[in-house]
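J.: Let me see the structure of the following:
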Amino acid sequence: MDKQEAMFIDATPNDDYPLRILEAYRERCNYKWSESSGEINVTNAPIMKVMNDAQDRRAEILDKAIARLRSKS
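T.: Sure, this is the predicted structure:
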């Protein structure tokens, strides 16, 4: 990502606010890191793999937290 989009989260102060925050961060976990050098895309570079694996782990943690909050609604 060359430019980072501003994250929008509806900040209406109600019981769903924490869920909206987690969902917004979870959505960002769908983005994967890659490095492009000319026409060659080197997403298999070791650092990219580490960063994408961490992204996947964050997604799993957020999925669990979101599921817990939804089950309490």
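J.: Can you tell me the closest non-neighbouring residue to the residue nearest to the spatial centre of the chain?
T.: The chain has residue 29 as the residue nearest its centroid, 2.0 Å off, counting by CA atoms, centre = their mean. Leaving aside its chain neighbours, residue 29 sits nearest to residue 59 (3.7 Å; criterion: CB to CB, 6 or more residues apart in numbering). Glycine gets a C-beta too; all of them are placed from N, C-alpha and C.
J.: Distance of the one you found relative to residue 31?
T.: Going from residue 59 to residue 31 by CB to CB, to the nearest Å gives 10 Å.
J.: When these two are compared, which one has more neighbours?
T.: residue 59 (16 against 12; other CB atoms under 10 Å).
J.: Assess the claim that that one and residue 25 are in contact.
T.: No - using CB atoms under 8 Å as the test, residue 59 is too far from residue 25 to be in contact (9.4 Å).
J.: At which residues are the strands of this structure located?
T.: Ranges of strands in the chain, per DSSP state E, are 36-37, 40-41.
J.: what residue ranges in this protein are flagged as low confidence?
T.: 1-5, 36-44, 73 (pLDDT under 70).
J.: Kindly list the longest helix within it.
T.: helix 46-71 (DSSP state H).
J.: helices or strands up against that helix?
T.: Contact here means 3 or more CB pairs under 8 Å, 6 or more residues apart in numbering; DSSP states H and E; on that basis helix 46-71 packs against helix 17-28.
J.: what helices or strands is the helix it packs on leaning on?
T.: Applying 3+ CB pairs under 8 Å, 6+ apart, we find helix 17-28 packed against helix 46-71.
J.: Could you give me the buried positions within the helix it packs on?
T.: Across helix 46-71, burial judged by 16 or more other CB atoms under 10 Å covers 48, 52, 59, 62, 66.
J.: Next: stretch 16-27.
T.: Under 16+ other CB under 10 Å, the buried positions of stretch 16-27 are 19, 22, 25-26.
J.: Closest one to residue 72 out of the residues you listed, please.
T.: residue 19 (9.7 Å; CB to CB).
J.: contacting residues for the closest residue to the closest one other than its chain neighbours?
T.: Once flanking residues are discounted, residue 19 sits nearest to residue 69: 4.9 Å by CB to CB, 6+ apart. Residues counted as contacts of residue 69 (CB atoms under 8 Å, 6 or more residues apart in numbering) are 18-19, 22.
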